[in-house]
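> Test case, fold it:
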Amino acid sequence: MKHFIRILSLLCAVTLPLGAVAEESATVTVEGVGEHVTVTLTMEDDRIKSVEATSDNTEADERGREALALIADAMVEKNTFAVDAVSGATCTSNAVIAGAIEAWMQITTERMSKEAWMETTDAEPMMTGGWENIPHEAAELPPDAQAAFDKAVQGLVGAQYVPVALLSTQVVAGMNYCILCQITPVVPNAAPAWALAYIYADLNGNAEMTNVYELYVERHSTPAE
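Numbering: from 1, shown residues only. All right, here's what the predicted structure looks like:
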């Protein structure tokens, strides 16, 4: 359990303090609004070396196409996934960020699988099986983010969203929040899922969930499959 929490703590801190390793890459495809965005993330030691993002939306406007490169360049320059969305291309920007985070989770999972604690021993044999998401209790968000989250999920029917960490904010005509959540499914005994929930709060105190990107811990699995 503590090793899973290690992955989560790295993501929530939005820094990348991993040990020295060779250059590694992962490619994922996430479903945006009217498009699929493919993101290739390359890590070198504890830094983001490169991010490449492409979209299958051949009718995207110039601002949307520009956002692919702007968001990718910002993550490389700042060595973080907590970058502001490009004005006028919020959905495309969020898809690139979600894809980069999921690719980083894949790389991190691969790295951890090679560490000594993952090796089998006679005293403690390693069980074979898939990754299992560990349920988390709701975290305390900053008051403005908590108020927006509570209002956005009020009245939602079905799966429950459990906020775990506030990852990023964006000042617009109001405020955008990117919140790491666990989704508790309505199916009995089903495992919770990780997701990035994007919430918009306007200047009148209204709030709504604008996008949700599910994150897959198990490697080689993407929402577009």
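> which residues make contact with the lengthiest strand in the chain from outside it?
With secondary structure taken from DSSP state E, the chain has its longest strand at strand 160-172. With contacts defined as Cβ atoms under 8 Å, 6 or more residues apart in numbering, strand 160-172 is touched by 8, 11-12, 14, 81-85, 87, 90, 97, 136-139, 141-142, 145-146, 149, 153, 175-184, 192, 195-197, 200, 209. C-beta here means a position set from N, CA and C on the backbone, and glycine is covered the same way.
> okay, the angle between the longest helix belonging to the chain and strand 160-172?
Taking DSSP state H as the criterion, the chain has its longest helix at helix 90-113. Helix 90-113 runs at 120 degrees relative to strand 160-172, counting by axes from the mean of the first three to the mean of the last three Cα atoms, to 10 degrees.
> what does the domain assignment say about the chain?
Domain ranges of the chain: 2-116, 143-215, per automatic domain parsing.
> So for residue 132, which of these sits nearest?
Residue 132 sits nearest to domain 143-215 of all the domains of the chain, at 5.8 Å, using Cβ to Cβ.
> Tell me if I am right that residue 53 is in a strand.
Yes. The assignment for residue 53 is a strand, going by DSSP: H, G, I helix; E, B strand; the rest coil.
> Report the next helix or strand after the longest helix of the chain in sequence order.
helix 143-153 (DSSP states H and E).
> tell me which strands and helices the longest helix of the chain is in contact with?
Here helix 90-113 touches helix 2-13, strand 24-31, strand 36-44, strand 47-55, helix 62-78, strand 174-184, strand 193-201, strand 207-215, going by 3 or more Cβ pairs under 8 Å, 6 or more residues apart in numbering; DSSP states H and E.
> Wait, residue 173 touches residue 200, no?
No. Residue 173 is not in contact with residue 200 according to Cβ atoms under 8 Å; the separation is 9.5 Å.
> more crowded one of these two?
Each of residue 173 and residue 200 has its neighbours counted (other Cβ atoms under 10 Å); residue 200 has more, 20 against 7.
> Does the more buried one touch residue 178 like I think?
No. If you go by Cβ under 8 Å, residue 200 and residue 178 don't touch, sitting 10.8 Å apart.
> are any of the contacts of strand 160-172 buried, and which?
Among these, those classed as buried by 16 or more other Cβ atoms under 10 Å are 8, 11, 14, 81-85, 90, 97, 136, 141, 145-146, 149, 153, 175-184, 192, 195-197, 200, 209.
> low pLDDT regions in the protein?
1-21, 59, 112-131, 217-225 (pLDDT under 70).
> ok, for residue 98, nearest residue in space, not its chain neighbours?
In space, and not counting its chain neighbours, residue 98 is closest to residue 213: 3.6 Å by Cβ to Cβ, 6 or more residues apart in numbering.
> again with residue 27
Excluding the flanking residues, the one nearest residue 27 by Cβ to Cβ, 6+ apart is residue 40, at 4.4 Å.
> can you check residue 85 too?
In space, residue 85 is closest to residue 93, 3.6 Å off (Cβ to Cβ, 6+ apart).
> Next: residue 185.
In space, residue 185 is closest to residue 159, 5.3 Å off (Cβ to Cβ, 6+ apart).
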